[in-house]
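In: Compute the structure for the input listed below.
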Amino acid sequence: MTMLLSLMLAAAPVAAAAPPMPQDLGSVPVIEGWLGRKVSPRWSEEVARLYRHGECSGAVNHEGSWLLEIDMLFLLSPEGKPLKIAPVNANCPDVEQFVSRRILGTLSHSFRPGRSSAVVEPVMADGRPLGTVRSTSGDISPATPVWKRSQVRFLWSDAP
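Out: Predicted coordinates for the structure are as follows:
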C-alpha cells in the first residue's frame with residue numbers, strides 16, 4: 001500500500017511555485033487595457049476620506065487639488081485571475097485595503113488572460129531618461145502565474 005501511495009504522489013503534478021514579487025517595476029509588463037485606471041478616479045472621495053483620517057503620505061498638490069497615484073503589482077494566473085495584489089507605494093494601510101477590496105470585488109474579472117504582452121522600457125542617454133520604448137510580443141499565454149503592473153489614481157479637493 002505504501003508503494004502504491006508513493007507512486008501516486010510521484011505521478012501527481014506539482015504546482016509551480018509563484019514567482020517572487022519583482023523589486024524593479026520597470027521590468028514588469030504593463031497590463032494593457034485594464035479597467036482600473038479608468039474606474040479608480042470614481043473612488044477618489046472615499047480614498048480622500050481614508051487618506052485624511054489615516055497616517056498617510058504620498059499625495060501631491062496638483063493644480064489646487066490632491067493627486068495620489070499608486071503603482072500596483074498583480075500576480076495573475078494563466079487565466080487572468082488575480083492571485084495577489086500589491087500596492088507598491090500607497091503609504092497608507094487604509095487606502096491599500098480599500099483599493100485591494102475594490103479591485104477584488106468590482107474589477108476581479110477585468111484582467112484578461114495573456115494574449116499579447118507589451119513591455120515599456122526606459123530610453124536613456126548620458127544617464128538621463130529621454131522617454132520610453134514599447135515592444136509588443138504576439139500571442140502569449142503564460143503557463144505559470146505572472147506579475148503585471150498598472151496604476152490607480154485619485155484626485156480630490158479639500159475646498160468647501
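In: which helices and strands sit right next to the helix ranked longest in the chain?
Out: Taking DSSP state H as the criterion, the chain has its longest helix at helix 93-106. Counting contacts by 3 or more CB pairs under 8 Å, 6 or more residues apart in numbering; DSSP states H and E, helix 93-106 packs against helix 44-53, strand 65-76, strand 82-87. Just so you know, the C-beta spots here come from the backbone N, C-alpha and C atoms, and that holds for glycine as well.
In: looking at the ones you listed, which is buried most?
Out: Greatest average neighbour count among the helices and strands packed on helix 93-106 goes to strand 65-76 (a mean of 19), per mean count of other CB atoms under 10 Å.
In: Which neighbours in the sheet does that one have, and how are they oriented?
Out: Strand pairing for strand 65-76, determined by DSSP bridges: strand 60-62 (antiparallel), strand 82-87 (antiparallel), strand 146-156 (antiparallel).
In: any idea of the mean pLDDT for the second one?
Out: In this model, strand 82-87 has a mean pLDDT of 89.
In: Output that strand as CSV, nothing but the C-alphas.
Out: Extracted in CSV, the C-alpha atoms of strand 82-87 (Å, rounded to 0.1, in the frame of the first residue of the first chain):
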residue,chain,number,x,y,z
PRO,A,82,-5.7,38.0,-9.7
LEU,A,83,-3.9,35.7,-7.2
LYS,A,84,-2.1,38.6,-5.3
ILE,A,85,-2.5,42.3,-5.3
ALA,A,86,0.4,44.5,-4.0
PRO,A,87,0.0,48.3,-3.8
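In: Now do it: everything it contacts.
Out: Residues from elsewhere that reach strand 82-87 (CB atoms under 8 Å, 6 or more residues apart in numbering): 18, 21, 70-77, 95-96, 99-100, 103-104, 108, 111, 145.
In: if we can go back for a sec, need the helices and strands packed on helix 93-106 in JSON lines with distance to L35, can you?
Out: Shown next, in JSON lines, are these (distance: least, CB to CB, whole Å):
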{"stretch": "helix 44-53", "distance to L35": "16"}
{"stretch": "strand 65-76", "distance to L35": "13"}
{"stretch": "strand 82-87", "distance to L35": "13"}
